[in-house]
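1. Have a look; sequence and predicted model below, questions after that.
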There are 4 protein chains.
Amino acid sequence: MTKGRMEAFSDGVIAILITIMVLELKVPEGADAHALRGMLPGFLSYLLSFIYLGIYWVNHHHMVHTADHINGRILWANLHLLFWLSLVPSATAWMGDNHTLPIPTAVYGAVLLMPAIAYYVLQQSIIAAQGPHSRLHDAIGRDYKGKLSPVLYASSIGLAFVRPWMADVIFVLVALMWLVPDPRIESRLG
Amino acid sequence: MTKGRMEAFSDGVIAILITIMVLELKVPEGADAHALRGMLPGFLSYLLSFIYLGIYWVNHHHMVHTADHINGRILWANLHLLFWLSLVPSATAWMGDNHTLPIPTAVYGAVLLMPAIAYYVLQQSIIAAQGPHSRLHDAIGRDYKGKLSPVLYASSIGLAFVRPWMADVIFVLVALMWLVPDPRIESRLG
Amino acid sequence: MTKGRMEAFSDGVIAILITIMVLELKVPEGADAHALRGMLPGFLSYLLSFIYLGIYWVNHHHMVHTADHINGRILWANLHLLFWLSLVPSATAWMGDNHTLPIPTAVYGAVLLMPAIAYYVLQQSIIAAQGPHSRLHDAIGRDYKGKLSPVLYASSIGLAFVRPWMADVIFVLVALMWLVPDPRIESRLG
Amino acid sequence: MTKGRMEAFSDGVIAILITIMVLELKVPEGADAHALRGMLPGFLSYLLSFIYLGIYWVNHHHMVHTADHINGRILWANLHLLFWLSLVPSATAWMGDNHTLPIPTAVYGAVLLMPAIAYYVLQQSIIAAQGPHSRLHDAIGRDYKGKLSPVLYASSIGLAFVRPWMADVIFVLVALMWLVPDPRIESRLG
């Protein structure tokens, strides 16, 4: 019961975030090809953030599925993750409006870094609740992706001040790293 | 479990899209009959898009119901469909503001074409997961509507540059084609 | 399964409508008592519409609970109801901005009339699907409230052009009529 | 069934409130460090309100879990709570824009006071429905936090007119009081 409600609540928040982001895709003022072209950076930021939220949804789904018992610490670790995810739409809109400038790009990197840390904390809370023979602990293995991602996001924050496009490359690479299917995990957590 | 969460997440996203579209129906500035009349094109665009999202919701519902097992490919094909559906509110608002102009009309046609393709991809993913004796494959039969719709949407994009109203006629015709009940499918997938 | 998804989808749409209405409660420009007082008409419109949507949610809940089987006609009658309910936030915001003027008040009356009719159509669809010994048909009895409400809403549209406050009185009276508990229904449909 | 729908509806409303609040976090106009600093008060208001809504969600979750039977009075007491919670985003945005001024701060205090009262009313409705040996009544014990919170919120309204920061201190203290885990409750209601 408790697990079902936490899943449903998280799904609700992620579904809303993914769709309200689209409200920030402002309808162009004009009605010509130029107006449409002006939407491109906003559209690409939206696409990237949609993929990130999709990845979180799919992974959250698999991870919570393995939890046996939900305690107060897990509930709050989950709300903590949702808090940082909730900043993605604003950061996306800001970067979409100013994609060549360092500060909005660095803020976007920070807004990707924080949920990555929060996800790790949630994962550790579930493992701690499962005790020594944690199913989740076995399933994630050495968790290369989970450990590498925060390092890459942190470096994107620095790179945004050198060349914003370098940070953009990292955002795309990390998304691709997670999109590539990982049959080992799926067969264990499916 | 997985199937339930994918259905609930999709329902959530479609429910949000259907309702945030209404936020784009801007409250008129004045308070007279003229202000009300000015809302008519936006209202008609909203009505059309509501019907389209309703059709997707009903069909998605029937289709996913037949799936036995949800794998990573189906999860992502479903997110891909939701991504394109999420563009419907912005395209609706843009066409509502500029309903006699070619580019917003063509963009609306493209925003109907993409989820039609994504729906087909999702359908094929479910059929592939079901293997040789796919229930879904039997139920859709020759899938005339599913194959005709993308062709009609694609032609609406071209017609928008000839006469925007011709594209509008196609949008209405395709919606009617799907609204007409198809008892054969319902009895099999109900 | 089908019934569960229709309920969940309807709950989702009503939950979103009830909460996005609050977005139309514009944050005042100033920060003094005058700015706060300026929010009063908008707040009262919001309160009234919240109560109306709450009444629909509670009644929809009881009504769909009695349905045994959901067919295509019921799914679409339900979407039809949700379509008209989705116009409540815009009509509320317009009346909140112009509460002493006839046209926004008449439009609000019309936006209450249409879901009342759609609710009746949905009710008849469920009764038809249940056949001669319909549980819902027995439970609603002579359905005085359901038949009186559309008549009152229709008269509010006319009264809005005489004196807008007369229409406002009707809106409040109909809400009170539904809020008063009806133990007979609850005990049968609970 | 009824309980499940009431929980799902409440979760939906709270999930939407928590996420639409972020829409009020306006994307800055500029793209420099100054623009980012200008978001700080809004961000802190958002963080505080997110925590409050999270606390309500977690406690609502535990409380409704103990209910055996949902009647009309509980349904409406729950809608009453959701109504007051729905005002949190607007009050948050107003205080975020004017955090050093008395009236927006006092309104924020009032918007925290009302759901605290509504929560108490809902709690009493569930206890009344459970009869003399109410599980919920036993679980809440003397309910110090539930009784102290409204007193503190009421005093924050007064303090906002003396020094707004004093009210802010109370908002933070009450949030902390609820965040500190209460193992006694969790073990009984978990």
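-> All right, it came through fine. Numbers count the residues shown, from 1 in each chain, chains lettered A, B, ... in the order given.

2. got the residue ranges for the helices in chain A?
-> A:2-24, A:33-38, A:40-66, A:72-85, A:88-97, A:102-130, A:135-140, A:144-162, A:164-179, A:183-189 (DSSP state H).

3. tell me the most buried of the ones you listed?
-> helix A:88-97 (a mean of 25; mean count of other CB atoms under 10 Å in any protein chain shown). Where you see a C-beta, it was placed from the backbone N, CA and C, and this is true even at glycine.

4. confidence score at the closest residue in space to residue A:107 that isn't next to it in sequence?
-> Residue nearest to residue A:107 in three dimensions, not counting chain neighbours: residue A:91, with 5.5 Å by CB to CB, 6 or more residues apart in numbering or on different chains. Confidence at residue A:91, expressed as pLDDT, is 90.

5. And for the one 4 residues further on?
-> Model confidence at residue A:95, given as pLDDT, is 88.

6. again with residue A:184
-> pLDDT recorded at residue A:184 is 50.

7. got a list of what the nearest residue to residue A:148 once chain neighbours are set aside touches?
-> Counting by CB to CB, 6+ apart, the nearest residue to residue A:148 once its immediate chain neighbours are dropped is residue A:177, at 7.6 Å. Each residue near residue A:177 by CB atoms under 8 Å, 6 or more residues apart in numbering or on different chains is listed here: A:145, A:148-149.

8. residue at max distance from the center of chain A?
-> Largest separation from the mean C-alpha position in chain A: residue A:32, at 34.0 Å (CA atoms, centre = their mean).

9. hang on, it packs against residue B:103?
-> Yes. Using CB atoms under 8 Å, residue A:32 is in contact with residue B:103, at 5.9 Å.

10. what residues does chain A put near chain B?
-> Residues of chain A lying close to chain B by CB under 8 Å from any CB of the partner chain are A:7-8, A:11-12, A:14-16, A:18-20, A:22-23, A:25, A:27-28, A:31-33, A:35-36, A:47, A:50, A:54, A:57-58, A:61, A:65, A:179, A:181, A:186, A:190.

11. among these, which are within reach of chain D?
-> Restricting those to those near chain D - CB under 8 Å from any CB - leaves A:8, A:12, A:16, A:20, A:23.

12. What separation do you get for the third one and residue A:53?
-> This points to residue A:16. According to CB to CB, to the nearest Å, residue A:16 and residue A:53 sit 10 Å apart.

13. same thing with the fourth one?
-> Per CB to CB, residue A:20 is found 11 Å from residue A:53.

14. what residues are shared contacts of those two?
-> By CB under 8 Å, 6+ apart, no residue touches both residue A:20 and residue A:53.

15. Tell me who's in contact with residue A:43.
-> A:25, A:96.

16. can you rerun that using 10 Å?
-> Counting by CB atoms under 10 Å, 6 or more residues apart in numbering or on different chains, residue A:43 touches A:25, A:36, A:96, B:87, B:90.

17. pLDDT wise, what is the first one at?
-> The reference is to residue A:25. Among the per-residue scores, residue A:25 shows a pLDDT of 79.

18. Just give me the neighbour total for it.
-> Taking other CB atoms under 10 Å in any protein chain shown as the criterion, the count of residues near residue A:25 is 19.

19. wait, it sits on residue A:45?
-> Yes. Between residue A:25 and residue A:45 there is a contact under CB atoms under 10 Å: 9.0 Å.

20. what's the overlap in contacts for those two?
-> By CB under 10 Å, 6+ apart, the residues touching both residue A:25 and residue A:45 are A:92-93, A:96.

21. Name the nearest of these relative to chain C.
-> Of all the shared contacts of residue A:25 and residue A:45, residue A:93 has the smallest distance to chain C: 16.1 Å, by CB to the nearest CB.

22. Excluding covalently adjacent residues, which one is nearest to that closest one?
-> residue A:24 (3.7 Å).

23. That neighbour is in contact with residue A:92, isn't it?
-> Yes. With contact defined as CB under 10 Å, residue A:24 reaches residue A:92; the gap is 6.7 Å.

24. Mind listing the shared neighbours of those two?
-> A:42, A:45-46, A:49, D:27.

25. which stretches of chain A have low pLDDT?
-> A:1, A:181-190 (pLDDT under 70).

26. ok, now which ones touch the closest residue to residue A:153 other than its chain neighbours?
-> Counting by CB to CB, 6+ apart, residue A:153 lies nearest to residue A:113, which is 3.8 Å off, once chain neighbours are set aside. By CB under 10 Å, 6+ apart, the contact list for residue A:113 reads A:84, A:149-157.

27. how far away is residue A:113 from chain D?
-> 16 Å (CB to the nearest CB, to the nearest Å).

28. Now do that residue against residue A:91, distance only.
-> As for residue A:113, its distance to residue A:91 is 11 Å (criterion: CB to CB).

29. swap in residue A:127?
-> Taking CB to CB, one finds residue A:127 at 29 Å from residue A:91.

30. surely residue A:54 meets residue B:6?
-> No. Using CB under 10 Å, residue A:54 makes no contact with residue B:6, being 11.9 Å away.

31. got any residues that touch both of the two?
-> Shared contacts of residue A:54 and residue B:6, counting by CB under 10 Å, 6+ apart, come down to B:75, B:78-79.

32. Quick one: the residues you listed as TSV, columns for distance to chain C too.
-> Listed next are those as TSV, based on distance: CB to the nearest CB, whole Å:
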residue	distance to chain C
B:75	18
B:78	15
B:79	18
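
33. and chain D, which of those residues contact it?
-> The subset of the shared contacts of residue A:54 and residue B:6 within reach of chain D, counting by CB under 10 Å from any CB of the partner chain, is empty.

34. JSON lines please, covering the shared contacts of residue A:25 and residue A:45 and showing distance to residue A:71.
-> Listed next are the shared contacts of residue A:25 and residue A:45 as JSON lines, based on distance: CB to CB, whole Å:
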{"residue": "A:92", "distance to residue A:71": "33"}
{"residue": "A:93", "distance to residue A:71": "36"}
{"residue": "A:96", "distance to residue A:71": "39"}
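
35. Get me the contact residues on chain A for chain C.
-> A:8, A:12, A:15-16, A:19-20, A:23.

36. Using TSV, please lay out these together with distance to residue D:166.
-> Output for those, formatted as TSV (distance: CB to CB, whole Å):
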residue	distance to residue D:166
A:8	39
A:12	36
A:15	39
A:16	35
A:19	39
A:20	35
A:23	37
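
37. Just flag the most distant two among the residues you listed.
-> For those, the maximum inter-member distance is 23.0 Å, found between A:8 and A:23 (CB to CB).

38. Name the nearest of the shared contacts of residue A:24 and residue A:92 relative to residue C:172.
-> The closest of these, once distances to residue C:172 are taken by CB to CB, is residue D:27, at 39.3 Å.
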